[in-house]
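Asks: could you look at this predicted model? Sequence included:
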Amino acid sequence: MSTPRLHPDTIEEIKQRVDIVELISERVVLKKRGREFVGLCPFHEEKSPSFTVSPTKQMFYCFGCGTGGNAISFLKQLDTRSFSEVVLDLARRYEVPIRTLDVQEREEFQRQLSLQEQLYEVVAIAASFFQHALHQPEAQEAMSYLKEQRGLSEETIQGFGLGYAPAGWQTLYRYLVELKGYSVKVVEQAGLAIERKSGASYYDRFRDRLMIPINDVQGRVVGFGGRSLGEAQPKYLNSPETPIFDKGNLLFGLDRAKKAISKQDRAIVVEGYFDAIALHAAGISEVVASLGTALSASQVKKLVRYTPSKSIVLNFDADQAGTTATERAISEISDLVYHGQIQLRILNLPQGKDADEFLKSAGSPQPYLDLVQQAPLWLDWKIEQTLKGKDLKAADRFQQVAQEWVKLLSKIEDPTTRTYYINLCAEYLSQGNSDRLKFIAEDLVKQIQRLRRTPKTKTDPKIPKIEVKITPEDRLLFETESLILRIYLHAPEAREYFLQIMGDCNLLFQCAPHRFLWSQIESLRETLPVDSPDLVSKLQDGVGQFPNYSEQFHPLIYLQEKHIRDIQKPILSINKAALTLEQILCSKRRSYAAERLAKIDPKLDRRGYEYFTEQLVYNKQREKECERLRGATVTELVGRS
C-alpha cells in the first residue's frame, strides 16, 4: 500500500503528545544543563557534547553538524525512514487516531493499528493462562522449583506473574484459537505458536516450561522467557521478535525498577531473570536484567534516563562466561563509557556466586548492598583484569600489559581522568621502584599521545581537486539573509515593520534555501496572523518533509549568543540588514556596469556608454553611502524610514 496522505491534525496531535526529551533519551544519553539537555550527537562523531534538546521548544539542534528538528524529524533522520512511517509509529505508541486525507486509506490504516492492540491483548491473556496453569497439579514440579530451589514466596510469584506452560503440543493454541476465538495468524505473530513445516497445523512455542512474563516500560506484557524444567534445550527460550517485542530495546524488570533507580540514583544490571527477581524480593528494587544478549547501547540509554548521575553497576557472574559477558557489554557501550557519559561500575561477587546464590548465603540484603557501594569503576576493574595471571617481572608479560593499558587509556577523553590512570598504571609497572616510576609514566604519556594523534589523510592524486570559491560578497549575502529570517521568526512584534522595510521578499532572497523557506512562510501567512507565535512550530512541520533544506533551516531556529543580540534589537537589525542588502545590490550593479562599459565603443553607442557610466557612478556613491549608514549610531538608524 502506498504511503498515506496524513491529515495535518494527526501530525499536530502527535507533536502535542510526544515529549522530545523522553523520546531522544531513549537513543542519546542526555544531561540537564540549565533549561536544556545536552549529549553527544548521534549524527556525527564528537568528543564533547554539542547536541542540545530544548523541552520548551520541543526541538533539538547540534551546534557541531547543524542537524536539528523536532521529535518526528529526529526519528526520521536517525532511522532513515520516511516522514509518514515515523508519524505512524508515533501514532501507535501514543495511541493517536490516524486521520488521512482519503477515507479508504484511513480505514485501512486503522485496521493495521488494531493488529498491535490485538497482540497486546493475546499476550496478556496468555500470561493469565500460564499463571493459572502454575497452580494446577501438573505444574507441581514448576511450583516446587520456585518455592524450594529458588526460595520465592507466593507473594513474589504472583507479583512477577510467574507461570507454567503445560507440556501438551497445542494446549495454549487451543485455548486462544478454539476457546477465545483469536485468529491463528495473530497468535503466531505474537510469538506463541509455530506453524509446522507441512503447513497442516500449529503447535505451542512454549511447552513444559516455567514462564516469566517480560513487560515493557509501561508495564504491559510483550513477551516471555521460558525456563526448561527437564533436559530440554535451550535452557532459556525467549519470545521471538514481534511487532511489540524488541529484545534489543527491552530490560527485564525496568517497569518495576524505574522509581527505585531514580530514588537510589543507580541501576544494577544482572544477567538472569531470577537474579533480578531475588534482589527485588529482598527489597533491592533498582535492579534489571538483560534478556540473554549483550547489554546494548540502546538498553543503556533507556536505563540512564532514570538515574541523574548516569550510574550503572554491572553485576554479571564472576566466572569466565560472566567476565566475557561483562567485556562484551562494555564493548557495546564503549563510546558512552570512554566519553564519560555514564558512570559504570563492575561488581563481581565473591566465590563466583550469582546474586541469587549470594543473597541466600548472606542471609540478608545488607552484605550485597555493601559490595555494590564498594564496586570499582570499570577502568579499575579492567586494569585488574589485565593483570590477572601476569608476572610483570617477565619482560614479555610486562610489555604485553603495558601495551594493553596504552590502548585502554588512549581512548579516555577526559585529560584529568587519563592522567590519574596513567599514574596508577605506572605504579603497577614500576613494581615499587620509585626510581623507575617517573620514567615509566613519561613513556606511557608518549605512547598514548602517539596513539591518539590523528594521522594526516593523504589525498588521492587520481581524484581531481575541485575548489569552490566563495566570495566575501556571497558570504555577506548569506549571513544577511539568515539574519533577517531569524528576526522574522523570533521577533513576531517586528514582522509588520519588516514587511514595510523589505517590501517584496520573493525578490529579496537570492540564496535558494532562503527563497524556499520564505515561500513556506508565505504559505503559512494565509492561515496565521503575521505576529503568530506558532509560526516556527508550523514551519518546522513543512520543512521537515524537505531534508535538502533542513540543514539551513535549523541554525535559524537555535540561536547562538551572538544571534540573540540581533533579536533583542529587531528594528535596528532590520535597518542594518536592509542597508547591507542594498549595498550588495549596488556592488553587483556597479560591477555589471563596469563590464558593459569595457565592451562599449562610445563612438558607436553613445547613449549606452552614457547610461552605464551614470549607473557606475551612482551605484558606487550609493554603495559608499550604505556602508557609512551601516556604521551609523543606533539613533540615526532607528529614525531612518
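Replies: All right, it came through fine. Numbers count the residues shown, from 1 in each chain.
Asks: just to be sure, Phe60 is in a helix?
Replies: No: looking at Phe60 with DSSP: H, G, I helix; E, B strand; the rest coil, it is strand, so not inside a helix.
Asks: can you tell me which residues contact the residue nearest to it when sequence neighbours are not counted?
Replies: Distances taken as CB to CB, 6 or more residues apart in numbering put Val53 closest to Phe60, at 4.7 Å, once the chain neighbours are dropped. Just so you know, the C-beta spots here come from the backbone N, C-alpha and C atoms, and that holds for glycine as well. Taking CB atoms under 8 Å, 6 or more residues apart in numbering, we find Val53 in contact with 20-21, 24, 28, 30, 36-39, 59-60.
Asks: name the nearest of the residues you listed relative to Val300.
Replies: Using CB to CB, Val28 is the member of the contacts of Val53 that sits closest to Val300, with 11.1 Å.
Asks: am I right that the closest one is in a strand?
Replies: No: counting by three-state DSSP, Val28 falls outside a strand, being coil.
Asks: quick check: pLDDT value at it.
Replies: The score at Val28 is 86. That number is its pLDDT.
Asks: what ranges do the helices span in the stretch 401-550 of the chain?
Replies: 415-430, 434-452, 472-490, 495-502, 505-508, 512-525, 535-543, 547-557 (DSSP state H, counting those that start in this stretch).
Asks: brain fart, the stretch 251-400 of the chain
Replies: Under DSSP H, counting those that start in this stretch, the stretch 251-400 of the chain gives helices at 254-264, 273-281, 297-303, 320-332, 334-338, 355-362, 366-374, 378-387, 395-410.
Asks: and of the ones you listed, who's closest to Val123?
Replies: So among the helices of the stretch 251-400 of the chain, helix 254-264 is nearest, using CB to CB, at 14.5 Å.
Asks: ok, and the most crowded of the contacts of Val53?
Replies: Phe60 (30 neighbours; other CB atoms under 10 Å).
Asks: do I have it right that that residue meets Leu75?
Replies: No: between Phe60 and Leu75 there is no contact under CB atoms under 8 Å: 11.0 Å.
Asks: okay, and the common contacts of those two?
Replies: Shared contacts of Phe60 and Leu75, defined by CB under 8 Å, 6+ apart, are absent.
Asks: hang on, the earlier thing: for the helices of the stretch 251-400 of the chain, give me TSV that also has mean neighbour count, distance to Gly69 and mean pLDDT.
Replies: Conversion of the helices of the stretch 251-400 of the chain to TSV gives the following (neighbours: other CB atoms under 10 Å; distance: least, CB to CB, whole Å; pLDDT from 0 to 100):
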stretch	mean neighbour count	distance to Gly69	mean pLDDT
helix 254-264	19	28	91
helix 273-281	25	37	95
helix 297-303	21	19	82
helix 320-332	16	27	78
helix 334-338	18	23	80
helix 355-362	18	43	90
helix 366-374	14	40	94
helix 378-387	18	34	90
helix 395-410	16	35	91
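Asks: reformat these as TSV; add distance to Ser434.
Replies: As requested, these are exported to TSV (distance: least, CB to CB, whole Å):
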stretch	distance to Ser434
helix 254-264	42
helix 273-281	44
helix 297-303	41
helix 320-332	33
helix 334-338	31
helix 355-362	40
helix 366-374	29
helix 378-387	20
helix 395-410	17
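Asks: which one of the contacts of Val53 is nearest Gln510?
Replies: Nearest to Gln510 among the contacts of Val53 is Met59, at 27.5 Å by CB to CB.
Asks: just want the phi and psi numbers for the nearest residue to the closest one once chain neighbours are set aside.
Replies: What sits nearest to Met59 in space, not counting adjacent residues and going by CB to CB, 6+ apart, is Asn70, at 5.4 Å. The phi and psi values for Asn70, taken as degrees, to the nearest 10, are phi -110, psi -170.
Asks: residue nearest the centroid of this protein?
Replies: The chain has Arg27 as the residue nearest its centroid, 2.5 Å off, counting by CA atoms, centre = their mean.
Asks: can you tell me how far it sits from Ala294?
Replies: 18 Å (CB to CB, to the nearest Å).
Asks: now for the nearest residue to Tyr421 once chain neighbours are set aside: which residues touch it?
Replies: Leaving aside its sequence neighbours, Tyr421 sits nearest to Leu409 (CB to CB, 6+ apart; 5.5 Å). Shown in contact with Leu409 (CB under 8 Å, 6+ apart): 418, 421-422, 425, 444, 448.
Asks: could you rerun that using 7 Å?
Replies: 418, 421-422, 425, 448 (CB atoms under 7 Å, 6 or more residues apart in numbering).
Asks: same question, Phe74
Replies: For Phe74, counting by CB under 7 Å, 6+ apart, the contacting residues are 24, 60.
Asks: list the buried residues in the helix or strand that contains it.
Replies: Using DSSP states H and E, Phe74 sits in helix 71-78. For helix 71-78, burial by neighbour count (16 or more other CB atoms under 10 Å) applies to 71-77.
Asks: farthest pair within those residues?
Replies: The widest separation within those (CB to CB) is 11.3 Å, between Ala71 and Gln77.
Asks: okay, now the unreliable bits of this protein?
Replies: Scanning the chain for pLDDT under 70 picks out 1-6, 80, 98-113, 318, 454-471, 503-508, 526, 540-554, 557-563, 632-641.
Asks: any idea how far the nearest residue to Lys538 once chain neighbours are set aside lies from Pro8?
Replies: Closest residue to Lys538 apart from its sequence neighbours, by CB to CB, 6+ apart: Leu524 at 5.4 Å. Between Leu524 and Pro8 the distance is 12 Å, computed by CB to CB.
Asks: please work out which residues outside stretch 242-254 touch it.
Replies: 116, 119-120, 189-191, 214, 216-217, 222-223, 238-239, 241, 273, 276, 280, 287-291, 293, 296, 298-299, 302-303.
Asks: tell me which residues in that stretch are buried?
Replies: 242, 244-245, 247, 250-254.
Asks: I figured the residue nearest to Lys538 hits Ser537, correct?
Replies: No: using CB atoms under 7 Å, Leu524 is not in contact with Ser537, being 10.3 Å away.
Asks: gap between Lys599 and Gly608?
Replies: From Lys599 over to Gly608 (counting by CB to CB), the distance is 10 Å.
Asks: Leu119 too?
Replies: Distance from Leu119 to Gly608, by CB to CB: 78 Å.
Asks: over to Leu251?
Replies: 79 Å.
Asks: please apply the same query to Ala257.
Replies: In terms of CB to CB, Ala257 sits 83 Å off from Gly608.
Asks: cool, Val313 as well?
Replies: For Val313, the distance to Gly608 - CB to CB - is 84 Å.
Asks: of the two, who's got more company?
Replies: Taking other CB under 10 Å, Val313 and Gly608 do not tie; Val313 has more neighbours (20 against 15).
Asks: go ahead and confirm that one touches Val270.
Replies: No: applying CB under 7 Å as the test, Val313 and Val270 come out as separate, 9.4 Å apart.
Asks: show me where the stretch 51-200 of the chain has helices.
Replies: 71-78, 83-94, 103-134, 140-144, 154-159, 171-173, 184-189.
Asks: which of those helices sits closest to Phe509?
Replies: helix 71-78 (22.9 Å).
Asks: how far off helix 83-94 does the closest one point, in degrees?
Replies: 120 degrees (axes from the mean of the first three to the mean of the last three CA atoms, to 10 degrees).
Asks: and helix 71-78, C-alpha only, in PDB?
Replies: C-alpha atoms of helix 71-78 as PDB (Å, rounded to 0.1, in the frame of the first residue of the first chain):
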ATOM      1  CA  ALA A  71      10.700  14.600  17.500                       C
ATOM      2  CA  ILE A  72       9.500  13.500  14.100                       C
ATOM      3  CA  SER A  73      12.500  14.700  12.200                       C
ATOM      4  CA  PHE A  74      14.800  13.200  14.800                       C
ATOM      5  CA  LEU A  75      13.500   9.700  14.300                       C
ATOM      6  CA  LYS A  76      13.200  10.300  10.500                       C
ATOM      7  CA  GLN A  77      16.900  11.200  10.200                       C
ATOM      8  CA  LEU A  78      18.300   8.700  12.800                       C
END
